[in-house]
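Student: Need the 3D shape of this:
(chains A and B)
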Amino acid sequence: MRSLATALAVGVEVALILLLVSLSSGMLRENSKRISGVGADIVLQPPNSSLVLAASTGAMSVKIADLVSRIEKVRAVAPVYLQLNTSGGLGLVWGIDLESFDRITQGFIYLEGRGFQGPNDVIIDDIYAEGRELRLGDEVKLMNHAFHVAGIVEHGKGSRVFIPIGTMQELVGTPRQATLMLITCHQPSDIPQVTAELERRLKSYPVFDMSSFAAQVEEANRDFGPIKFFTNTVVFIATLIGFFIIFLSMYTATTERTHEIGILKSLGANQGYISLLFLKEALMLGGLGFLLGLGLTFGGRLFFQWLMPTLHHQLPLWWLLFTGFLALFSAGLGALYPALRAARQDPIEALAYE
Amino acid sequence: MKTILEAIELTKIFKTGKIEVAAVQEVSLKVREGEFIAIMGPSGCGKSTLLHLLGGLSTPTSGRVLVDGEEVSSGKDAVRTDIRRRKIGFVFQRFNLLPTLSAQGNLEIAQEIHRNGSRNRKHVEEILNLLGLEKKTHHKPSELSGGEQQRLAIARAVINRPAILLADEPTGNLDTRNSMVVLKMIQELNRALSQTILMITHNPEAASIANRLIEMRDGRIVSQQQDGEWNRAEDRMSL
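Tutor: A predicted model of the protein is given here:
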């Protein structure tokens, strides 16, 4: 029973790490996919901006859109203002000029309703609507401002939530500013020439090919200080908990089995043999815990998907292997002292132990 | 006859705070190959302490113990453990079988320790057949009678053919019938296989099957009698 409880506790440690990684990786990957799905060829950012879009504070004048549109071989330009929304959940809201945004994306596919009819309208994608059980005309609170659902669109084009860029600028207090310019060219072969021209004319403005932009945004988010720190802290604490659980379990086991240790010593079992017995047991518990943790992780994923369908999960293989290593490592480390203590028992005292 | 075990001026003093108790005092003893020795004496006379010293389970305060020419009284646990593994078999009053292992498992683990990992299942099965435990191969010790447990413990002690078998009150926890069975088994080991045996006992009938009887009092050997100097075993008990 104690062994099962110990393995289960290690399983919780494993599930905690894997669920956290799975959720954060899934969200980053899904975000990256949506950015790619916008359909732009080139992305222009303001000077001093960050690839961690939620944390980027840089902005540029929307007039730059006019300048860009005059560049040869540019088909369309759409200014976008991205803002992190914290009311009613965490997520990026895109402020868009619907007309220019539609030229870039070939237009939203409306499942219900239509585009903005007023400054307080919001367009949401189907996953967001399903997750929050929203219908046309429902009120949505974003950035402490009430919006009404004007349209529900098919997911995959940038964000899950879109509001008019003018309203966004007003709410944020930066009139006629944008945080991104989405650009499309007439032909894919025009991209290098347009990129070069943008770099020449707007020297301090970062210019990205869309194919690399999404990947770089994902990478930057993954390496973003607070996220990385949070992930590392959770992994460290979970490993530490696993270590202490195994330590306590094996310490109790060696005390309970003192008499058996004495028997083994009388048979001539050396310290290495006895240490190894306990280490092997701890590693088996760690391994079993890892398998239970995998089960808990997949169960947890199903539960979260049922609870919040908007959440995406992705479990990178190397994290799976790393967590397996952590489970075994914490088990081995936790059993080390109890195993050595058992091996050093005096045989006479151990045999006399009741 | 080759000397299998030799104790030279063996003394063991236990300290409790400032009080010193000499459990064994200047004991010298030689055990020849194939001999069967019984040690008798009242409780607290130092029999078990002597057995632990002879088997390398503890170290003497002074003196030496040689088992088959190797010193087992050194302070190093690893050295004593290695000699125990290769040359000594123990049988205890409490049987001391591993409760989580089956009868077969208890024999196999002794093989595994002795042979650094290898097991010989066929040999184990042969021994279980000899003990009449072939139908209880997979039984845990708690599912065996006291006599069966002690027979299994003896089999475990000799499975690797040790140079000497040290038995500490092997019949102490058994009824008369099972005591007889166990003593017969020990006697057979000595007679048929020339197993050298040193046995501690309170039971004069058990002691009577030995070739030599040693009497201890207050940590010292006070008398030694060879076979024939007291009534022959066959006359006093029929096993």
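
Student: Where does chain A get nearest to chain B, residue-wise?
Tutor: Using CB to the nearest CB, A:Gly268 is the residue of chain A that sits closest to chain B, at 2.5 Å. For glycine as for every other residue, the C-beta is placed from the backbone atoms N, C-alpha and C.

Student: pretty sure A:Ser212 belongs to a strand, no?
Tutor: No. Secondary structure assignment (DSSP: H, G, I helix; E, B strand; the rest coil) places A:Ser212 in helix, not in a strand.

Student: Tell me how many other residues crowd it.
Tutor: Applying other CB atoms under 10 Å in any protein chain shown, we find 10 other residues in the vicinity of A:Ser212.

Student: again, but for A:Ser211
Tutor: 10.

Student: got the contact list for it?
Tutor: Shown in contact with A:Ser211 (CB atoms under 8 Å, 6 or more residues apart in numbering or on different chains): A:Ser36.

Student: And the strands in chain B, which stretches?
Tutor: In chain B, the strands defined using DSSP state E lie at B:3-16, B:19-32, B:36-40, B:62-67, B:70-71, B:88-91, B:164-168, B:197-200, B:212-217, B:220-226.

Student: Let me know which of those is the nearest to A:Thr233.
Tutor: strand B:3-16 (51.3 Å; CB to CB).

Student: now that closest one and strand B:62-67, what's the angle there?
Tutor: 140 degrees (axes from the mean of the first three to the mean of the last three CA atoms, to 10 degrees).

Student: strands paired with strand B:3-16, and their directions?
Tutor: strand B:19-32 (antiparallel), strand B:62-67 (antiparallel) (DSSP bridges).

Student: List the buried residues in stretch A:228-242.
Tutor: Of the residues in stretch A:228-242, those scored as buried under the neighbour-count criterion (16 or more other CB atoms under 10 Å in any protein chain shown) are A:Thr231, A:Val235, A:Ala238, A:Thr239, A:Ile241, A:Gly242.

Student: which one is residue 121 nearest to, not counting chain neighbours?
Tutor: No chain in the question, so chain A it is. Taking CB to CB, 6 or more residues apart in numbering or on different chains as the measure, A:Asp121 lies nearest to A:Ala150, with 3.7 Å between them; neighbours along the chain are not counted.

Student: Actually, chain B is the one I wanted.
Tutor: In space, B:Arg121 comes closest to B:Glu108 once its chain neighbours are excluded; the distance is 7.1 Å by CB to CB, 6+ apart.

Student: can you list the residues of chain B near chain A?
Tutor: Selection of chain B residues close to chain A by CB under 8 Å from any CB of the partner chain yields B:52, B:55, B:57-58, B:77-78, B:81-82, B:84-86, B:88, B:90, B:92, B:96-100, B:109-110, B:113-114, B:156.

Student: Now restrict those residues to buried residues only.
Tutor: The neighbour-count test (16+ other CB under 10 Å) applied to the residues of chain B next to chain A identifies B:52, B:55, B:57-58, B:77, B:81-82, B:84-85, B:88, B:90, B:92, B:96-98, B:109-110, B:113-114, B:156 as buried.

Student: circling back to that earlier point, can you lay out the strands of chain B as TSV showing mean pLDDT?
Tutor: Rendered in TSV, the data for the strands of chain B read as follows (pLDDT from 0 to 100):
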stretch	mean pLDDT
strand B:3-16	93
strand B:19-32	93
strand B:36-40	95
strand B:62-67	94
strand B:70-71	92
strand B:88-91	94
strand B:164-168	94
strand B:197-200	95
strand B:212-217	93
strand B:220-226	88
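
Student: could the ones you listed go into CSV alongside distance to B:Leu128?
Tutor: Putting those into CSV (distance: least, CB to CB, whole Å) gives the following:
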stretch, distance to B:Leu128
strand B:3-16, 27
strand B:19-32, 29
strand B:36-40, 24
strand B:62-67, 28
strand B:70-71, 31
strand B:88-91, 17
strand B:164-168, 19
strand B:197-200, 22
strand B:212-217, 32
strand B:220-226, 36
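
Student: how about the most centrally placed residue in chain B, what does it touch?
Tutor: A centroid search over chain B (CA atoms, centre = their mean) returns B:Leu166, at 1.8 Å, as the residue closest to the centre. B:Leu166 makes contact with B:Leu51, B:Leu54, B:Gly55, B:Ile88, B:Gly89, B:Phe90, B:Val91, B:Leu198, B:Met199, according to CB under 8 Å, 6+ apart.

Student: got it, and B:Met1?
Tutor: With contacts taken as CB under 8 Å, 6+ apart, B:Met1 has the following neighbours: B:Arg32, B:Glu33, B:Gly34, B:Glu35.

Student: When you filter those residues down to buried only, what's left?
Tutor: Among these, those classed as buried by neighbour count (16+ other CB under 10 Å) are B:Gly34, B:Glu35.

Student: Tell me which stretches of chain B form helices.
Tutor: Chain-ordered helices for chain B, with DSSP state H as the definition, fall at B:47-54, B:77-87, B:103-114, B:121-130, B:146-158, B:176-193, B:204-207, B:233-236.

Student: if I look at the residue in chain B positioned nearest to chain A, how far off is A:Asp121?
Tutor: Nearest residue of chain B to chain A: B:Arg85, at 2.5 Å (CB to the nearest CB). Distance, B:Arg85 to A:Asp121, by CB to CB, to the nearest Å: 84 Å.

Student: next one: B:Gln149
Tutor: Where A:Asp121 is concerned, B:Gln149 sits at a distance of 85 Å (CB to CB).

Student: ok, now A:Lys228?
Tutor: In this view, A:Lys228 and A:Asp121 are 37 Å apart by CB to CB.

Student: Report the distance from stretch A:10-25 to the chain centre.
Tutor: A distance of 11 Å separates the centroid of the chain from that of stretch A:10-25, by CA atoms, centre = their mean, to the nearest Å.

Student: so for it, what's the average pLDDT?
Tutor: Throughout stretch A:10-25, pLDDT has a mean value of 88.

Student: Same question for stretch B:107-117.
Tutor: The average of the pLDDT scores along stretch B:107-117 is 85.

Student: Give me the contacts around that stretch.
Tutor: Surrounding stretch B:107-117, the residues in contact under the criterion CB under 8 Å, 6+ apart are A:264, A:267-269, A:273, B:85-86, B:98, B:101, B:118-121, B:123-124, B:127-128, B:152, B:155-157, B:159-160.

Student: Selecting buried members of those residues in PyMOL, what would you type?
Tutor: Command for PyMOL, covering only those of those found buried under the criterion 16+ other CB under 10 Å:
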select buried, (chain A and resi 264+267+268+269+273) or (chain B and resi 85+98+119+124+127+128+152+155+156+157+159+160)
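
Student: these two touch, right, A:Val149 and A:Asp126?
Tutor: No. In this structure, A:Val149 sits apart from A:Asp126 without contact. The criterion is CB atoms under 8 Å, and the distance is 11.7 Å.

Student: between the contacts of B:Leu166, which is closest to A:His145?
Tutor: Distances from A:His145 to the contacts of B:Leu166, taken by CB to CB, are shortest for B:Phe90, at 83.5 Å.
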